[in-house]
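>>> sequence first, predicted model second:
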Amino acid sequence: MLINGKEISKQIKEDIKKEVELLKEEGKRIPCLAVILIGEDPASQVYVRNKIRACEFVGMKSMTISKDASFTQEELLALIDSLNKNEEVDGILVQLPVPDHIDEQAIIEAIDPIKDVDGFHPSNVAKLVLNEDGLVPCTPQGMMCMLDAINYDLDGKEVVVVGRSNIVGKPVSLLCLHRNATVTIAHSHTGNLRDVTKRADVLIAAIGKPKFFDSSYVKEGAVVLDVGMNRDENNKLCGDVDFDDVVDKVQAITPVPGGVGPMTIALLMSNTLKSYKAR
Ligand SMILES: NC(=O)C1=CN([C@@H]2O[C@H](COP(=O)(O)OP(=O)(O)OC[C@H]3O[C@@H](n4cnc5c(N)ncnc54)[C@H](OP(=O)(O)O)[C@@H]3O)[C@@H](O)[C@H]2O)C=CC1
Ligand SMILES: Nc1nc(=O)c2c([nH]1)NC[C@@H]1CN(c3ccc(C(=O)N[C@@H](CCC(=O)O)C(=O)O)cc3)C=[N+]21
């Protein structure tokens, strides 16, 4: 079975659109997402464009602030400070990665946690660890929505997450743990990776290596969530999973494109609405 992220994300956005229309009818302020893009990374430009499109679709305001790679850390901190104080702005997202001369963690910590729609601020991270209500990173939340869409119950299941980044691997592991899965986090120092992933009822691939996981890494009947966004030898977008080799062996799998990516965008809209309501 294919888990269609495009369709599931469309449904989420339709629901948000209705809520925003209601706000408009009531004459209320419209939610607004501010996206900061530094430098000219082509992939980042695609994602930012998708975010702007999604804002248009759901009827939210978006504010895109593009700066060239020479923008300094002080300038960026001052910009974030002004967006923190701007009553019209509900969500602030700084597109990652930022250029080397900027301290990523300092930037993340400068964003007001209530406007931190990425869920990367330490106070939101702490809430996620404690399973308290806060802003949860979009991609992991999107993956939970995909499992919900196929009525997959994680309780008691073996989940193996490959990748331990702060934006995907760690937070998705916590969400699975909160749903009573037995969670293993693997990474580049993991020995016998194949033996580990072969145990997985749910395999979450988030390493950024094109088509790395072929069928030899996957248990028969597993559910595979592919987070990877890579270019293959023909410069075509592909995931971390060798889709064609794996598809016949699994219960369900997410494609790339059209899988986890669109979910990330939909959950970003959802987080922006959440910030709006919290304010
Ligand atoms: N679809 C979406 O919405 C999103 C997609 N992405 C994509 O997901 C992928 C991962 O992104 P991100 O989480 O930022 O990743 P990072 O590049 O920050 O981290 C990669 C992780 O994978 C691990 N890893 C790398 N190579 C191997 C290997 N051969 N075997 C086992 N583990 C390995 C690394 O281990 P170690 O820690 O030891 O270095 C690290 O933990 C990328 O392709 C990215 O573009 C990211 C965000 C959102
Ligand atoms: N602060 C921050 N927050 C992020 O959430 C963040 C980030 N920085 N930096 C980069 C990663 C990556 N990411 C994606 C978003 C959308 C798609 C997406 O829309 N993908 C489509 C198609 C993309 C295309 O056509 O190239 C798909 O998979 O179908 C993918 C990946 C968010 N990230």
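Looks like it arrived, so ask away. Ligands and ions are numbered 1, 2, ... in the order given.

>>> burial check on the residue lying closest to G134 once chain neighbours are set aside, number of neighbours?
Spatial nearest neighbour of G134, chain neighbours left out: K127 (3.2 Å); criterion: C-beta to C-beta, 6 or more residues apart in numbering. Using the backbone N, CA and C atoms, a C-beta is placed for each residue, glycine as well. By other C-beta atoms under 10 Å, the residues close to K127 number 17.

>>> what secondary structure does K127 sit in?
Under DSSP: H, G, I helix; E, B strand; the rest coil, the three-state class of K127 is helix.

>>> pLDDT at it, what is it?
Per-residue confidence at K127 stands at 98 (pLDDT).

>>> then A43?
Looking at A43, its pLDDT reads 82.

>>> and the host helix or strand of it, what's buried?
Per DSSP states H and E: A43 is located in helix 42-58. By neighbour count with 16 or more other C-beta atoms under 10 Å, helix 42-58 contains the buried residues S44, Y47, V48, K51, A54, C55, F57, V58.

>>> get me the contact residues on the stretch 151-279 of the chain for ligand 2.
Selection of the stretch 151-279 of the chain residues close to ligand 2 by C-beta under 6 Å from any ligand atom yields M229, L237, V256, P257, G258, G261, P262, T264, I265.

>>> hmm, try it at 8 Å
167, 229, 237, 256-262, 264-265, 268 (C-beta under 8 Å from any ligand atom).

>>> now do the stretch 1-150 of the chain
Contact residues (C-beta under 8 Å from any ligand atom) of the stretch 1-150 of the chain with ligand 2: 5-6, 43-44, 46-47, 50-51, 93-97, 118, 120, 137-139.

>>> keep only the residues of the stretch 151-279 of the chain next to ligand 2 that also lie close to ligand 1.
Answer for those near ligand 1 (C-beta under 8 Å from any ligand atom): I167, M229, V256, G259, V260, G261, T264, I265.

>>> the third one contacts D226, correct?
Right, the one you point to is V256. Yes - in this structure, V256 is within contact of D226 by C-beta atoms under 8 Å, at 5.4 Å.

>>> anything in contact with each of those two?
Listed contacts common to V256 and D226 are G239, V241, F243; contacts here mean C-beta atoms under 8 Å, 6 or more residues apart in numbering.

>>> return the alpha-carbon coordinates of stretch 86-105 using PDB.
Extracted as PDB, the C-alpha positions of stretch 86-105 are listed here (Å, rounded to 0.1, in the frame of the first residue of the first chain):
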ATOM      1  CA  ASN A  86       5.400  42.100  15.700                       C
ATOM      2  CA  GLU A  87       1.800  41.500  16.900                       C
ATOM      3  CA  GLU A  88       0.700  40.500  13.300                       C
ATOM      4  CA  VAL A  89       3.200  37.600  13.100                       C
ATOM      5  CA  ASP A  90       2.200  34.200  14.600                       C
ATOM      6  CA  GLY A  91       4.900  31.900  13.300                       C
ATOM      7  CA  ILE A  92       8.600  32.400  12.700                       C
ATOM      8  CA  LEU A  93      10.600  29.900  10.700                       C
ATOM      9  CA  VAL A  94      14.300  30.300   9.800                       C
ATOM     10  CA  GLN A  95      15.000  28.000   6.900                       C
ATOM     11  CA  LEU A  96      17.900  25.600   7.800                       C
ATOM     12  CA  PRO A  97      20.800  25.200   7.200                       C
ATOM     13  CA  VAL A  98      22.000  28.800   7.800                       C
ATOM     14  CA  PRO A  99      25.400  29.900   6.500                       C
ATOM     15  CA  ASP A 100      28.500  28.800   8.500                       C
ATOM     16  CA  HIS A 101      29.200  32.200  10.100                       C
ATOM     17  CA  ILE A 102      25.800  32.000  11.900                       C
ATOM     18  CA  ASP A 103      25.300  30.000  15.100                       C
ATOM     19  CA  GLU A 104      22.200  27.900  14.300                       C
ATOM     20  CA  GLN A 105      21.400  27.200  18.000                       C
END
